[in-house]
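*Asks:* Mind looking at a prediction? Sequence and model below.
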There are 2 protein chains.
Amino acid sequence: MTDQTRDLLPEGLEDRLPQGAAITSNIEQEILQVMDGHGFDRVRPPLIEFEKSLAGRMDGVQPRRMFRFVDPTSLRTLALRSDITVQVGRIAATGLAHAPRPLRLSYAGQVTRITGDQLEPSRERLQVGAELVGADNVAAAGEMVSLAIEALEAAGASGISIDFTLPDLVDTLAASAFPLDAAQVENVRRELDSKDAGGLRDVGGDAYVPLLYATGPFDQAIEKLAAIDAGGALASRIAGLREIAQRVGNHARLTLDPSERHGFEYQSWFGFTIYADDVRGALGRGGTYRILGCDEAATGFSLYPDPLVDALAGGTSRREKLFLPLGHDRSAAAVLRKEGWRTVAALSEGDDAAALGCSHRLSGDSPVKL
Amino acid sequence: MTDQTRDLLPEGLEDRLPQGAAITSNIEQEILQVMDGHGFDRVRPPLIEFEKSLAGRMDGVQPRRMFRFVDPTSLRTLALRSDITVQVGRIAATGLAHAPRPLRLSYAGQVTRITGDQLEPSRERLQVGAELVGADNVAAAGEMVSLAIEALEAAGASGISIDFTLPDLVDTLAASAFPLDAAQVENVRRELDSKDAGGLRDVGGDAYVPLLYATGPFDQAIEKLAAIDAGGALASRIAGLREIAQRVGNHARLTLDPSERHGFEYQSWFGFTIYADDVRGALGRGGTYRILGCDEAATGFSLYPDPLVDALAGGTSRREKLFLPLGHDRSAAAVLRKEGWRTVAALSEGDDAAALGCSHRLSGDSPVKL
């Protein structure tokens, strides 16, 4: 094995070098700080758990997509987490089962998956999120959408847009206004996913066709959804969406795609996807759900800020660096660090202030421009 | 499988709940901030690498102690990192090979190992550290010891003490003043490790016996070390230790144990271990070393702050929380958050401000004590 192959990282895994790492860390801290201000307490679950535990709390978490290995201690299968939300659900249901509700928790950490996909080849990414446990009403949904927007703006995102969806729409309609049998439900979902009006009619889902057109900018789309005569089955959901939109409409562009299900495998009545200018793909998603096992209602969101790092890479300006020559006054340097300077101390006569990225040099107790 | 067993975490892995998580995150940020002030740029390597890559840059990193698994993409063995220092060494030798030296890098992240030990059963812990690449002289060593102390003090540690060692002491003496053959070197090391004067004499290491007594408080122990007649073989090391001690002696208690090797498998002429009051075991260690492969000199340290979290758990006071009743003035709440309040918004009439840990309630645009 040559040096070169030894140094290659596995496909889909990469280092963040100083510039990208600084932006990533800043984004992470800004998001956490906004969440903290709104009363969300951070928890820190481990990187590894029993596979069964990671798969057992929510639908849509697929063990086959996680790195798995046998634990020599317990002889059971462990997995590297692919999603921190399920861990926070476990904490809410166990260690914090008796904490007062609603319980506000936040988290940040790396998650991995065994294979990337064409759109997103990365196998490791940063996940930062918040979960409001014990509430899934309109007030909870409004708080979480609003929090996600505020957190991403603090992190430097601009031109945020939110796409609302109703993840259990087909279930709701199939059980009331537009009845379907179990096999039909699956067919109707599939045809809605492929936005195929002809296909919908072929599988007996004629009543569902208008849903395909209740999409686009929120104000128009919600009118179209309201016009679908579903005997009031959607009334509370539509009122809820309008209330959330009312609350956040000044802070983000809003759209509606009521039958969108991708990425909402465990959400209940409400879901949302977050986009921002200059960021490829979604920055995150969230919604209402139930924690399996304890069946408690919750509302939350997860952000995946890595694409934002690239979007912000052009505009960064790091703090200026101050070169400290050999034999410099150490207490003067400490004072200047307190004032916000970054210092770089010489270790030998050969150290070159300019090459080391310094803009100033300490002379006596004052910085002098190089 | 019952709910209860599903919820158990594997042995040696645990959640940090809100109080512990807040302290952990604060320690991590304070340490990183001090490092940043001294010009160390953070890098963020991935959680997973090729096993060969993690094992290949430094002595003392044992693949058998890492969680390993086959990558379905490359069909090669991957490992979950057990040490971030080796990753930073790789980055310095590859992605930042052409960055000016000395190169100052910092890092923070979770590391895991497949089995804990009796003293420290934990299989996952936080590692935070700094590496100064391209220098291993006395100035570099002094800077790194001083930085470790300043970082830990900022993180809340008190009563810091530093134990100095000379990791390549036996190699140095065996090659000059006190000659030993290769088999004897191993025997002498073993007997020094067990502090056994009789054993040392039995293996022909009589000349090494005085090293066992050159230990304890730095000022006395360094005199004893200097008194060992080694034909000047130790002179530069002793002068170096004195210079480092001079620099940091006002900030920490200093001790010397020149033949201590535990945890210094890859260090060269200088090593140090860090302790603090009320913290069980070492908080970290560091020293000079060479990055394998590129054979570049470096000086660095790693801190493992988890035991400090427990030591600080008694003294925390979180910011006061302000309850926001239904229909509150949202812009007043935003202003108060900017001023440093944490807010907790009501989601229904049933939300209980006191039960949710709030000390105040928003009335109009002002906080009122509950």
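*Replies:* Cool, the structure landed. Predicted model only: the values in this text are computed from it and were never measured.

*Asks:* CA atoms for contacts and neighbours, from now on please.
*Replies:* Fine.

*Asks:* Centre-most residue in chain A?
*Replies:* Nearest to the mean C-alpha position of chain A, by CA atoms, centre = their mean, lies A:Leu303 at 1.3 Å.

*Asks:* Would you mind measuring from the residue lying closest to that residue once chain neighbours are set aside to A:Ile23?
*Replies:* Excluding the flanking residues, the one nearest A:Leu303 by CA to CA, 6 or more residues apart in numbering or on different chains is A:Gly284, at 4.1 Å. The gap separating A:Gly284 from A:Ile23 is 18 Å, by CA to CA, to the nearest Å.

*Asks:* same deal with A:Asp278?
*Replies:* 16 Å.

*Asks:* Compare these two and say which is more crowded by neighbours.
*Replies:* Taking other CA atoms under 10 Å in any protein chain shown, A:Asp278 and A:Ile23 do not tie; A:Ile23 has more neighbours (22 against 14).

*Asks:* how long is stretch A:167-179 end to end?
*Replies:* End-to-end distance (CA to CA), stretch A:167-179: 17 Å.

*Asks:* hmm, back to that, list the residues that contact the residue nearest to the centre of chain A.
*Replies:* By CA atoms under 8 Å, 6 or more residues apart in numbering or on different chains, A:Leu303 lies in contact with A:Gln127, A:Val128, A:Gly129, A:Leu283, A:Gly284, A:Arg285.

*Asks:* which of these tops the neighbour count?
*Replies:* Of all the contacts of A:Leu303, the most densely surrounded is A:Gly129 (27 neighbours; neighbours counted as other CA under 10 Å).

*Asks:* beta partners of that residue?
*Replies:* Counting by DSSP bridges, A:Gly129 is bridged to A:Tyr107, A:Ser302.

*Asks:* ranges for the strands of the stretch 251-370 of chain A?
*Replies:* Per DSSP state E, counting those that start in this stretch, the stretch 251-370 of chain A has strands spanning A:253-256, A:267-275, A:284-291, A:296-303, A:321-324, A:342-345, A:360-363, A:366-369. These are given in chain order.

*Asks:* pretty sure A:Arg125 belongs to a strand, no?
*Replies:* Yes. Per DSSP: H, G, I helix; E, B strand; the rest coil, A:Arg125 lies within a strand segment.

*Asks:* Determine the number of other residues adjacent to it.
*Replies:* Number of residues near A:Arg125 (other CA under 10 Å) recorded here: 21.

*Asks:* Tell me the pLDDT of the residue in the stretch 151-300 of chain A positioned nearest to chain B.
*Replies:* The stretch 151-300 of chain A approaches chain B most closely through A:Gly293 (7.2 Å), counting by CA to the nearest CA. On pLDDT, A:Gly293 comes in at 73.

*Asks:* Ok, the one 10 residues further on next?
*Replies:* Listed pLDDT for A:Leu303 reads 98.

*Asks:* how near is the nearest residue to A:Thr115 once chain neighbours are set aside to A:Val111?
*Replies:* Once flanking residues are discounted, A:Thr115 sits nearest to A:Arg123: 6.0 Å by CA to CA, 6+ apart. Distance of A:Arg123 to A:Val111, given as CA to CA: 8 Å.

*Asks:* A:Gly199 now?
*Replies:* Remark: distance between A:Gly199 and A:Val111 (CA to CA) = 38 Å.

*Asks:* what does A:Ala130 give?
*Replies:* 15 Å.

*Asks:* More neighbours: which of those two?
*Replies:* Between A:Ala130 and A:Val111, A:Ala130 has the larger neighbour count (other CA under 10 Å), namely 28 against 19.

*Asks:* Neighbours of the residue nearest to the more buried one when sequence neighbours are not counted, how many?
*Replies:* What sits nearest to A:Ala130 in space, not counting adjacent residues and going by CA to CA, 6+ apart, is A:Ser106, at 4.2 Å. A:Ser106 has 26 neighbours, counted by other CA under 10 Å.

*Asks:* list the contacts for A:Ser106?
*Replies:* Contact analysis of A:Ser106 by CA under 8 Å, 6+ apart lists A:Leu32, A:Met35, A:Asp36, A:Phe40, A:Asp41, A:Arg42, A:Val43, A:Val128, A:Gly129, A:Ala130, A:Glu131.

*Asks:* Recalculate using a threshold of 6 Å.
*Replies:* For A:Ser106, the contact set (CA atoms under 6 Å, 6 or more residues apart in numbering or on different chains) comprises A:Phe40, A:Asp41, A:Arg42, A:Gly129, A:Ala130.

*Asks:* Check A:Thr77 too.
*Replies:* A:Phe50, A:Glu51, A:Phe69, A:Val70.

*Asks:* from the residues you listed, which ones fall inside strands?
*Replies:* Residues of the contacts of A:Thr77 located in strands (DSSP state E): A:Phe50, A:Phe69, A:Val70.

*Asks:* Where neighbours are concerned, which of these has the most?
*Replies:* Counting neighbours by other CA under 10 Å, A:Phe50 comes out on top of those with 24 neighbours.

*Asks:* ok, that residue touching A:Leu80?
*Replies:* No. Assessed by CA atoms under 6 Å, A:Phe50 is found out of contact with A:Leu80, at 8.8 Å.

*Asks:* Can you report how many residues neighbour A:Ile31?
*Replies:* Neighbours of A:Ile31 under the rule other CA under 10 Å: 28.

*Asks:* nearest spatial neighbour of it, skipping sequence neighbours?
*Replies:* Counting by CA to CA, 6+ apart, A:Ile31 lies nearest to A:Ala151, which is 4.7 Å off, once chain neighbours are set aside.

*Asks:* Let me see the confidence value for that neighbour.
*Replies:* With respect to pLDDT, A:Ala151 scores 98.

*Asks:* Pretty sure it sits in a helix.
*Replies:* Yes. Applying three-state DSSP, one finds A:Ala151 inside a helix.

*Asks:* For it, give its distance to A:Ile48.
*Replies:* Relative to A:Ile48, and taking CA to CA, A:Ala151 is found at 27 Å.

*Asks:* Kindly report the same for A:Leu192.
*Replies:* A:Leu192 sits 37 Å away from A:Ile48 when distances are taken as CA to CA.
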